[in-house]
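For reference, the sequence and a predicted model appear below.
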Amino acid sequence: MEKIQKLKREKKAVILAHNYQRPEIQDIADFLGDSLELSLCATQTDAKIIVFCGVNFMAETAAILNPEKKVLIPDRNALCPMASMLPADLVRLYRRKYPRAKIALYINSLAEAKAYCDAVCTSANAAEIIDRVNSDVVLFDPDVNLAKYAEKHTGKKIVPIPPVGFCPVHKLFSRGEVLRIKRMHPDAVLMVHPECNPDVCEVANFVGSTSKMLRKTLTSKVNKFIIATEVGYLYRLEKNRKDATFMPAYKDAVCVNMKLHTLEKVYTCLKNERYRVTLPPRILDMARKPVEFMLKTS
């Protein structure tokens, strides 16, 4: 950790880490947050090098917003399965199928897909962004559960593309299991990420992104919470509220791709300035517009 801090100073680098990273990665991060928070942080840093401890689409977003900076990812195999469910060809296909509709893609999508959409959103601002899109019919994905959640909170018709996109981690949570845990802890607040299945969201006390969960726990008088999202997030919650108890709604809800980054890989990444995230200039320019549309609202 000391070597990483020294390299950061020498190379004028910053480390961005997602909430699902290993505890030691969270501890060395200059900025820690969800997709929206990290996107905003990526626009505000004056560092020459950005080391992104997250999955591929997140590092791509940082590269889109910082074309003049060197964006590195410690392990280039940190891929998002959900993002891979929506190739650019599929976005173009639906664009032809629904020529009058607008496309708002979840930030959990590849840059090649973002290049053909009208707006990008996160789980924290999906309803807000879709409300701003000038169309009564909005094509949205790659997460069908977030599409259903956003449709419920907007007055618009949302068409999911593809109709079966999902996060493998959030699919692990079941209604029966979360209700069982809640019966065991009736005084706890059940907090659920909107990528979970609708029947799980229905029984939650609170549904929201990780940033919204954090704000809720910090302002709540309750000191016991059941958390239905990737288990790595509990470390941040526990650090911010040492007086509270946080229980996973499913202890094996682990994103193995997020956990690929280690201190050793971060050190090697900085030392050798590898692996750089690069995008074709045309894709980078096309994808920047819908991402900036989101940031103007945030």
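Cool, got the structure.

All the strands of this structure, residue numbers only.
For the chain, strands defined by DSSP state E occupy the ranges 13-18, 31-33, 49-53, 70-72, 102-106, 119-121, 137-141, 157-160, 189-192, 206-207, 224-228, 245-248.

Reformat those as CSV; add mean neighbour count, mean pLDDT and distance to residue 288.
C-beta coordinates here come from the backbone N, C-alpha and C atoms, glycine included. Listed next are these as CSV, based on neighbours: other C-beta atoms under 10 Å; pLDDT from 0 to 100; distance: least, C-beta to C-beta, whole Å:
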stretch, mean neighbour count, mean pLDDT, distance to residue 288
strand 13-18, 25, 96, 18
strand 31-33, 19, 94, 20
strand 49-53, 27, 97, 16
strand 70-72, 22, 96, 14
strand 102-106, 26, 96, 14
strand 119-121, 28, 96, 10
strand 137-141, 24, 94, 20
strand 157-160, 18, 94, 24
strand 189-192, 23, 98, 32
strand 206-207, 18, 98, 30
strand 224-228, 22, 98, 33
strand 245-248, 17, 98, 37
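
could the ones you listed go into JSON lines alongside distance to residue 63?
Rendered in JSON lines, the data for the strands of the chain read as follows (distance: least, C-beta to C-beta, whole Å):
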{"stretch": "strand 13-18", "distance to residue 63": "12"}
{"stretch": "strand 31-33", "distance to residue 63": "16"}
{"stretch": "strand 49-53", "distance to residue 63": "8"}
{"stretch": "strand 70-72", "distance to residue 63": "4"}
{"stretch": "strand 102-106", "distance to residue 63": "17"}
{"stretch": "strand 119-121", "distance to residue 63": "14"}
{"stretch": "strand 137-141", "distance to residue 63": "22"}
{"stretch": "strand 157-160", "distance to residue 63": "27"}
{"stretch": "strand 189-192", "distance to residue 63": "31"}
{"stretch": "strand 206-207", "distance to residue 63": "31"}
{"stretch": "strand 224-228", "distance to residue 63": "31"}
{"stretch": "strand 245-248", "distance to residue 63": "32"}
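
Residue 177 is nearest to which of those?
Between residue 177 and those, the shortest gap by C-beta to C-beta is with strand 224-228, which sits at 9.4 Å.

Check which helices and strands the closest one sits against.
Other helices and strands packing on strand 224-228, by 3 or more C-beta pairs under 8 Å, 6 or more residues apart in numbering; DSSP states H and E, are helix 175-184, strand 189-192, helix 233-240, strand 245-248.

closest one to residue 260 among the ones you listed?
Of all those, helix 233-240 comes closest under C-beta to C-beta, at 16.9 Å.

Any buried residues in that closest one, and which?
233-237 (16 or more other C-beta atoms under 10 Å).

cool, and stretch 144-158?
144-151, 154, 156, 158.
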